[in-house]
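K.L.:
next come a sequence and a model predicted from it.
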Amino acid sequence: MPIRADIAIIGAGPGGYVAALRGAQLGAKVVVVEKQWLGGVCLNEGCIPTKALLRCAEVYTLAKRGATFGVHADNVTFDWAAMQKRKAQVVNQNVRGVKVLLQKAGVQVIEGEATFVRPDTLSVRLADGQEAVVAPTILIATGSRTLQVPIPGLDHPGILDSGGALALDKLPASMVIIGGGAIGLEFAGLFSALGVEVTIVEMLPRLAPLMDAAIGEGLAWSLGQRGVNVYTGTRVTAVAAGGQSYTVSMQTADGEHKVEAEKVLSAIGRAPNIENIGLDVLRLNPTRKGIQTDDRMRTVVPGVYAIGDVAVDGPMLAHVASHQGIVAVEDALGHPAHIDYRAVPSCIFTSPEAASVGLTEEEARARGYELQVGVFGLQNNGKAVAMGDTEGFVKFVAEAEHGAVLGMHVVGPHASDLVLEGTLGLTLEATLDEFEHTIHPHPTLGEAVAEAALAARGRALHLPRA
């Protein structure tokens, strides 16, 4: 007899497991099929383990700076194996947490590989047999993998992806990172902090190319100050494996250039996992970007939804996947729900952090807006000075007539937390007035948000007059 449920979900990543919890919360019988690990790539090979290691690097860096704060520690060193052990503990704790949440919610988890045999039926290949799952609503939440690109030599088995970089048993002396987006930047920050000679190569004109230009420029300067070799507007043409190293050939504005490194990390992007799940049975025709959905995450097949990295619309971010999952199950169970991508924050956990929400200045100008733009540097913020961490800024992009906020961009300590204020402001369609008149506690980094709003109108109080 098949297993019957109200909702079946393929994949238990941040989209799938959150959708399962919301479905169970609404009284549905939910079954989740997961072929590899609870929490998906994000929890096991992405968001969480990278942040655990970045925290280790941050503590090490701060310890080396101890004398600045009157704290003296001799011969500060780090233990990569111990850092890896801590990373594993953090991941395991989070995986156990997801497992407990699903168990307590009454969600049935099946370990196996699911494929569609009908729009309402999945065939699940188990370790010791086969199982059928029947449900009127099925969510595809199969996530993504490292994007393969046709660069000669990049398919060499020794080339690292993010999972391989996280699993290194020892640090290399040098590394070339191909890709200057969030993944590449975070690994560049991590490995350079631990003494690896890092070169980062980005094909587009700046780092963090999807964010505001000020962020890309700020991060390039910051990484350069930390000894990272940064190449932008540069295309990798080939990777050649040698005895104990690789030679990376690049085409720069000044001609061809070669860099030799012990390791190469491909951080070019992600590709949706849309193969081998029976989409042909559904007569769905995904593109290389994934499956098309509407604003309720419905596909063209009734009862079938797609969320997370397999959905065409929306950025490939864990928090977007989670929200899409909630929208999908609420719609499936008859509740009003839709997704709105106008206020999606993006964060890069470098040192300093970077975060962005809404339109960049370039995007806003391209759409024809007359703008008010305000920037407030953290060197003018008392809390940042007290922390000894003044690198960065808060930037507002607002339309000129009414001061409606279009975007907020941050570089600096806790940028990923500060951007929440801008995200809520965009969600509530706030103007610069709301940010100006909101009383911000002192001394905090958040005061820079209010000052940036004032700066957009030429009235920042804590910026010296020109």
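P.N.:
Thanks, I have it.

K.L.:
what's the domain layout of this protein?
P.N.:
3-145+271-332, 162-268, 352-455 (automatic domain parsing).

K.L.:
among these, which comes closest to residue 344?
P.N.:
domain 3-145+271-332 (6.0 Å; CB to CB). Where you see a C-beta, it was placed from the backbone N, CA and C, and this is true even at glycine.

K.L.:
what's the end-to-end length of the closest one?
P.N.:
19 Å (CA to CA, to the nearest Å).

K.L.:
then stretch 422-438?
P.N.:
Stretch 422-438: ends 12 Å apart by CA to CA.

K.L.:
buried stuff in it?
P.N.:
If you call a residue buried by 16 or more other CB atoms under 10 Å, then stretch 422-438 has these buried ones: 422, 423, 425, 426, 430, 431, 432, 435, 436.

K.L.:
on that earlier part again, how about a markdown table for the domains of the chain, with mean pLDDT and distance to residue 340 added?
P.N.:
Shown next, in a markdown table, are those (pLDDT from 0 to 100; distance: least, CB to CB, whole Å):
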| stretch | mean pLDDT | distance to residue 340 |
| --- | --- | --- |
| domain 3-145+271-332 | 96 | 8 |
| domain 162-268 | 96 | 19 |
| domain 352-455 | 97 | 8 |
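
K.L.:
for residue 8, pull up the helix or strand it's in.
P.N.:
Element membership for residue 8, per DSSP states H and E: strand 7-10.

K.L.:
and if you look at residue 320?
P.N.:
Counting by DSSP H and E, residue 320 is part of helix 318-332.

K.L.:
and that helix, what does it pack onto?
P.N.:
Packed against helix 318-332 by the contact rule (3 or more CB pairs under 8 Å, 6 or more residues apart in numbering; DSSP states H and E) you find helix 16-25, strand 137-140, strand 304-306.

K.L.:
turn these into TSV, columns for mean neighbour count and distance to residue 151.
P.N.:
Putting those into TSV (neighbours: other CB atoms under 10 Å; distance: least, CB to CB, whole Å) gives the following:
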stretch	mean neighbour count	distance to residue 151
helix 16-25	26	32
strand 137-140	30	30
strand 304-306	27	29
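
K.L.:
with distance to residue 408 added, can I get these in a markdown table?
P.N.:
Compiled in a markdown table, the helices and strands packed on helix 318-332 are given as follows (distance: least, CB to CB, whole Å):
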| stretch | distance to residue 408 |
| --- | --- |
| helix 16-25 | 25 |
| strand 137-140 | 32 |
| strand 304-306 | 30 |
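
K.L.:
and residue 338, which of those is closest to it?
P.N.:
Nearest to residue 338, of all the helices and strands packed on helix 318-332, is strand 304-306, at 12.7 Å by CB to CB.

K.L.:
before we move on, back to that, and the helix holding residue 320, how far out from the chain middle?
P.N.:
Here the centre of helix 318-332 is set off from its chain's centre by 17 Å, with CA atoms, centre = their mean, to the nearest Å.

K.L.:
residues making contact with it?
P.N.:
With contact meaning CB atoms under 8 Å, 6 or more residues apart in numbering, helix 318-332 is reached by 7, 13-16, 18-20, 22-23, 26, 28, 42, 46-47, 137, 139, 141, 295-298, 303, 305, 307-309, 311, 314, 336-339, 341, 344-345.

K.L.:
next, the buried residues of it.
P.N.:
318-332.

K.L.:
what's the angle from that helix to helix 16-25?
P.N.:
30 degrees (axes from the mean of the first three to the mean of the last three CA atoms, to 10 degrees).

K.L.:
after helix 318-332, next one along is what?
P.N.:
Following helix 318-332 toward the C-terminus (DSSP H and E): strand 346-348.

K.L.:
paired strands for the strand holding residue 8, with orientation please.
P.N.:
When pairing is defined by DSSP bridges, strand 7-10 lines up against strand 30-34 (parallel), strand 137-140 (parallel).

K.L.:
which outside residues touch the first one?
P.N.:
To tie it back to what came earlier, the one meant is strand 30-34. Residues from elsewhere that reach strand 30-34 (CB under 8 Å, 6+ apart): 3, 5-12, 16-17, 20, 23-24, 102, 105-114, 122, 124, 133, 135.

K.L.:
tell me where the stretch 101-250 of the chain has strands.
P.N.:
Here the stretch 101-250 of the chain has its strands, by DSSP state E, counting those that start in this stretch, at 108-111, 113-118, 121-126, 129-134, 137-140, 144-146, 174-178, 197-201, 229-231, 235-241, 246-252.

K.L.:
mind checking these for the one nearest to residue 77?
P.N.:
Nearest to residue 77 among the strands of the stretch 101-250 of the chain is strand 197-201; the distance by CB to CB comes to 18.4 Å.

K.L.:
buried set for stretch 83-96?
P.N.:
Under 16+ other CB under 10 Å, the buried positions of stretch 83-96 are 83, 84, 87, 90, 91, 94, 95.

K.L.:
just checking, what packs against the helix ranked longest in the chain?
P.N.:
If you go by DSSP state H, the chain has its longest helix at helix 80-105. The contact analysis (3+ CB pairs under 8 Å, 6+ apart) places helix 80-105 against helix 16-25, helix 40-45, helix 47-64.

K.L.:
change it to 6 Å
P.N.:
Packing partners of helix 80-105 (3 or more CB pairs under 6 Å, 6 or more residues apart in numbering; DSSP states H and E): helix 16-25, helix 47-64.

K.L.:
report the angle between it and helix 47-64.
P.N.:
Angle of helix 80-105 versus helix 47-64, following the same axes, to 10 degrees, is 140 degrees.

K.L.:
farthest pair in the buried residues of stretch 422-438?
P.N.:
Farthest pair in the buried residues of stretch 422-438, by CB to CB: 423 and 436, 17.8 Å.

K.L.:
residue 345 versus the residue most central in space within the chain, what's the distance?
P.N.:
Nearest residue to the geometric centre of the chain (CA atoms, centre = their mean): residue 317, 4.9 Å. Distance of residue 317 to residue 345, computed by CB to CB, to the nearest Å: 8 Å.

K.L.:
do the same with residue 130
P.N.:
42 Å.

K.L.:
next: residue 398.
P.N.:
Residue 398 is 17 Å from residue 345, by CB to CB.

K.L.:
again with residue 124
P.N.:
36 Å.

K.L.:
pick out whichever of residue 130 and residue 345 has more residues nearby.
P.N.:
Using other CB atoms under 10 Å as the criterion, residue 130 and residue 345 rank with residue 345 on top: 22 against 9.
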